[in-house]
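Chemist: Fold the following, please.
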Amino acid sequence: MIHSPGYPGVAFTTADEGDIRGNPAERAAVAGRLGISRQWAVSDQVHGRVVVRAEAPINHGEADALFTTRTGLPLAVFTADCLGVALISEAAVGVAHAGWRGIVAGVVPALLEAMTAAGVPPERAALGPGIGPCCYEVGGEVAAQLPEHVSETTWGTVSVDLPSAVRSHLGDIPVWEAGSCTRCSVGFHSHRADATSARMATISWLT
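Modeler: All right, here's what the predicted structure looks like:
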């Protein structure tokens with residue numbers, strides 16, 4: 001489990017915690033370790049920019065970002081190379097599932113705008129582990145969608161830098177980053193590395 005220093009109410013699971021999307025027992029164990037409810041607000045992630053204001057611990061349908069002002073309601077998105085992003089204010093928390101499609105669609109600014117419109121603008125952000133530019137080899141059609149964030153893999157092919165792209169959408173908001181590449185670092189689920197169906201979780205709750 002990864003906790004961002006100074007960010008109470010944010011946690012990122014690793015492979016050690018199991019399949020948090022697909023295994024209810026492992027999800028319950030994580031909830032117990034964090035001291036939060038076993039019932040979480042989640043969504044059916046589709047790599048888009050839809051944001052839902054969560055008021056209950058249910059599946060909110062097709063969406064890639066959630067936020068809430070309800071104390072103690074855990075929100076979660078699930079990842080295995082995409083970035084999990086948490087946005088935090090004094091009176092709300094939000095989470096976003098940010099792969100390259102969601103980033104291009106604008107899921108992070110959409111969450112920021114939704115929270116701001118609700119009167120709870122984010123004051124801090126935390127980025128979980130995700131595939132790094134060291135390993136995220138892409139074709140030219142993807143690189144063309146993120147031209148300011150084109151990079152190079154460690155083996156010399158074109159990649160994109162997803163954390164950089166997310167940071168560019170957050171303006172002056174202070175950002176903490178886990179900084180681990182899920183493909184080449186030990187201890188993470190990675191779809192690119194082994195086509196796993198298991199997923200880690202980005203979890204946030206208002207304390």
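Chemist: could you say what helices and strands the helix or strand where Arg27 lies packs with?
Modeler: Element membership for Arg27 (DSSP states H and E) is helix 24-34. With contacts taken as 3 or more Cβ pairs under 8 Å, 6 or more residues apart in numbering; DSSP states H and E, helix 24-34 sits against strand 200-204. Every C-beta, even on glycine, is put in place using the N, C-alpha and C of the backbone.
Chemist: Neighbouring strands of the strand it packs on in the sheet, and parallel or not?
Modeler: Note on strand 200-204: by DSSP bridges, its sheet partners are strand 10-12 (antiparallel), strand 75-79 (antiparallel).
Chemist: With adjacent residues omitted, what lies nearest to the residue most central in space within the chain?
Modeler: Nearest to the centroid of the C-alpha atoms of the chain, with distances taken as Cα atoms, centre = their mean, sits Gly84, at 1.0 Å. The spatial neighbour of Gly84 that comes closest, neighbours along the chain excluded (Cβ to Cβ, 6 or more residues apart in numbering), is Thr202 at 2.6 Å.
Chemist: List the beta-bridge partners for that neighbour.
Modeler: Thr202 has these beta-bridge partners by DSSP bridges: Phe12, Val77.
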